[in-house]
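Participant: Predicted model and sequence below, questions to follow.
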Amino acid sequence: MREYSWALRIILMVGLLGGAIGIVSGQNLPVMSGKKIVASVNGEPITLEEFDQELPSLGKKQGEKKNERQLLNRLINTRLIIQEGRRIGLDELPEIKNMVDVYSKVILRELLIERQFKDIKVDEKDVERFYKESVKEWRVNSVLFDKEEGAKKFEEEIKSGKTFDEVAKRVIEEGKAKGGEEKNYLRKKDFHPQIATMISKMEVGSVSPIIPLQTGFLILKIEDIRYPENPEARELAKKEALDWKRVEALNRYKETLIKKYVKVHQNIVDRLDYEAKEPRFEALLKDKRVVAEIKGENPITVGELSEYIKQQFYHGVGLAAESKRLNSKKISILQEMLEKRVLRKEALRLGLDKTEGYKNKVKEYEYSVIFGAFIKKVVDPDIKIMEEELKAYYKEHIKEYTYPEMMKIDSLVFAKRDDAEESIEKLRKGTEFQWLSANAEGQVDKNTKGLLAFGGKLLTTKKLPEGVQKVVSGVKPGDFKLYASPEGHFYVLFIQGVIPARPQPYEEAREDVGKKIFNEKVNKAIEDWADKLRAVSDVKVYLKDNN
């Protein structure tokens, strides 16, 4: 009941980056450290960039001055809470400092990588390769034998010079095998994984070796391969090709930096046996031997490597050692450690830690964790929720805790109203729905684009098109209804079942009710705290109200 959502914090927190969109930039605002400011809280500025960054959160209402004032108040209240958090020492807590330190290292590496990626452009050859791989389709001829002996005889006949097609036709007609030429083109996902792996390496006209399956022994021939046009797949291929090129470039860059800065003591690494009974893992955690030297940095010791390995195994290194997984991981884990260290070292060398972008990102993150810590340590403990409140909220919001009406509907679709009405009449007189589905004339092709799919599935009534909702309102199982769609199709709706709307039991809804009440109280408590802090703070607002 005491948990609060990070979404709540995000709603209340502010972003510090992004370009101004200029909604209020025409005003004559004061400047501090080269930036226009819309307000100051105890001498600490709230910049125009911060304000403009948050304006899109107002959506379509962003032009309304009332909402802009609310946004500015939210920014001021947030800053007051953060300042109070710092005043009581939340920013000095070890866990907060550690979180900010870890984040600052991560963001520094990310900024360096972003810098390396900025000029990388997608190669059209790679796009085409990824695209063809994603849309590729095969048409095959195949034979499946119950026993391997039959498959081997078939293979021998092909090798002796007979064609696949003639031998396949004969053994299928003789009942020695199943299969035949597939008329449709199939995608990779349509094949058994083992077959998919095989055909991905084959060309048109080639014949596979014998493929053992649970159902028998298969041999197939690729009759044709095609690459149908798919705009969505092509766009995805562009993204995949760019991602692939970036990964390749990043790996090369990391290798270059490791060669530039690192010397690995491979003899020590090779001798490390994390799966041996002696020395025990605990002893290796204290081992000061150096496994890698980094120019101008502290080296990585056996102890540090061991600690990092320990952190990778949630269930402990004991089980990993027993299952012989530790030694196989030590090289990749050391590589990961080195990559992180050299990326950060290079970022520092380039002065990325001095950039405004880096400082703002770290500051933004620090604000968020201080704000979150204030909620957890100061606001949360005072929030109490009584059982009576839960029950009262549940009753007042019962519509939110009601299972919706659902229906199981099947349908026939006709091009003409007369045919649809005639079918309804037949159904009401006792004609079986399935028989009519197979025999009624005038039905629209089921593959017609835009047709509604009912298919005898259980559907939420409120999610049906508005016109369908009106037609099925108040129906009972076994009813038949006519729906005329805006597209000019006439649906015969067979209502196979109806599950009425019903309240969700209080016991099931209780947890969700508790979270909503808790978040409401957290919001209210934050507002109260902000009001108290504002009363004793120096808050100046420079954004003019033109209303």
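Facilitator: Noted; the coordinates are in hand. Note that the structure is a prediction, hence the values are computed from the model and not measured.

Participant: check which helix or strand covers N77.
Facilitator: N77 belongs to helix 65-87 when assigned by DSSP states H and E.

Participant: That helix: which residues count as buried?
Facilitator: 67-68, 71-82, 84-85 (16 or more other C-beta atoms under 10 Å). Yep, even glycine has a C-beta here, placed from its N, CA and C like the rest.

Participant: Next: stretch 169-188.
Facilitator: Judged by neighbour count using 16+ other C-beta under 10 Å, the buried positions of stretch 169-188 are 171-172, 177, 179, 185, 188.

Participant: now swap in stretch 508-526 and tell me
Facilitator: Under the neighbour-count criterion of 16+ other C-beta under 10 Å, stretch 508-526 has 509-510, 513-514, 517-519, 521-522, 525-526 buried.

Participant: gap between it and the chain center?
Facilitator: 27 Å (C-alpha atoms, centre = their mean, to the nearest Å).

Participant: between whichever helix or strand comes after the helix holding N77 and helix 65-87, how many degrees?
Facilitator: Later in the chain than helix 65-87, the nearest helix or strand by DSSP H and E is helix 94-117. Here helix 94-117 runs at an angle of 120 degrees relative to helix 65-87 (axes from the mean of the first three to the mean of the last three C-alpha atoms, to 10 degrees).

Participant: quick one: contacts of the next helix or strand after helix 94-117?
Facilitator: For helix 94-117, the following helix or strand on the C-terminal side (DSSP H and E) is helix 124-135. Contacts with helix 124-135, where a contact means C-beta atoms under 8 Å, 6 or more residues apart in numbering, come from 187, 227-230, 233-234, 236-238, 240-241, 244-245.

Participant: Which of the residues you listed lies at the shortest distance from P465?
Facilitator: N230 (27.8 Å; C-beta to C-beta).

Participant: Neighbours of the residue nearest to the closest one when sequence neighbours are not counted, how many?
Facilitator: Spatially, and ignoring its direct neighbours in sequence, N230 is nearest to V135 (5.1 Å; C-beta to C-beta, 6 or more residues apart in numbering). Residues lying near V135 (other C-beta atoms under 10 Å) number 18.

Participant: Report the separation between V135 and R271.
Facilitator: Spatial separation of V135 from R271 under the definition C-beta to C-beta, to the nearest Å is 51 Å.

Participant: How about E155?
Facilitator: To R271, E155 is 51 Å away according to C-beta to C-beta.

Participant: Same check on L458?
Facilitator: Remark: distance between L458 and R271 (C-beta to C-beta) = 63 Å.

Participant: Quick one: residues contacting the spatially closest residue to T402 that is not a sequence neighbour.
Facilitator: Nearest non-adjacent residue to T402, counting by C-beta to C-beta, 6+ apart: P503, 5.2 Å away. Neighbour list for P503: 398, 401-403 [criterion: C-beta under 8 Å, 6+ apart].

Participant: M202 too?
Facilitator: Contacts of M202 (C-beta under 8 Å, 6+ apart): 208, 222.

Participant: coming back round to it: among the buried residues of stretch 508-526, which two are most distant?
Facilitator: A509 and I526 (25.6 Å).

Participant: Tell me who's in contact with the nearest residue to H397 once chain neighbours are set aside.
Facilitator: Spatial nearest neighbour of H397, excluding adjacent residues (C-beta to C-beta, 6+ apart): V513 at 7.8 Å. Applying C-beta under 8 Å, 6+ apart, we find V513 in contact with 390, 393-394, 397, 401.

Participant: Which ones among these lie within helices?
Facilitator: 390, 393-394 (DSSP state H).

Participant: any idea how far V143 is from the most far-flung residue of the chain relative to its centre?
Facilitator: Farthest-out residue of the chain from its mean C-alpha position, per C-alpha atoms, centre = their mean: S160, at 53.6 Å. Distance from S160 to V143, counting by C-beta to C-beta: 16 Å.

Participant: got it, and I495?
Facilitator: 47 Å.

Participant: do the same with R289
Facilitator: Distance, R289 to V143, by C-beta to C-beta: 62 Å.

Participant: And those two? Which one has more around it.
Facilitator: More crowded of R289 and V143, by other C-beta under 10 Å: V143, with 24 against 14.

Participant: Report whether the expected contact of K36 with P45 is present.
Facilitator: No - in this structure, K36 is not within contact of P45 by C-beta atoms under 8 Å, at 9.2 Å.

Participant: one step back: over to the residue nearest to H397: give its phi and psi.
Facilitator: phi -60, psi -40 (degrees, to the nearest 10).

Participant: Would you reformat the buried residues of stretch 508-526 as TSV and include distance to I499, secondary structure and pLDDT?
Facilitator: Shown next, in TSV, are the buried residues of stretch 508-526 (distance: C-beta to C-beta, whole Å; DSSP: H, G, I helix; E, B strand; the rest coil; pLDDT from 0 to 100):
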residue	distance to I499	secondary structure	pLDDT
A509	18	helix	96
R510	23	helix	96
V513	23	helix	97
G514	27	helix	96
I517	29	helix	97
F518	32	helix	96
N519	31	helix	95
K521	35	helix	96
V522	36	helix	95
A525	41	helix	95
I526	41	helix	95
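
Participant: okay if I get the buried residues of stretch 169-188 as a markdown table plus distance to Q53 and pLDDT?
Facilitator: Below are the buried residues of stretch 169-188 laid out as a markdown table (distance: C-beta to C-beta, whole Å; pLDDT from 0 to 100):
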| residue | distance to Q53 | pLDDT |
| --- | --- | --- |
| V171 | 71 | 94 |
| I172 | 68 | 94 |
| A177 | 68 | 94 |
| G179 | 63 | 89 |
| Y185 | 50 | 92 |
| K188 | 44 | 90 |
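
Participant: Just give me the closest of these to K121.
Facilitator: The closest of the buried residues of stretch 169-188, once distances to K121 are taken by C-beta to C-beta, is K188, at 28.7 Å.

Participant: secondary structure class for S40?
Facilitator: Put simply, S40 is strand when judged by DSSP: H, G, I helix; E, B strand; the rest coil.

Participant: wait, which of the buried residues of stretch 169-188 is closest to T431?
Facilitator: Minimum distance to T431 across the buried residues of stretch 169-188 is 37.9 Å, recorded for Y185 (C-beta to C-beta).
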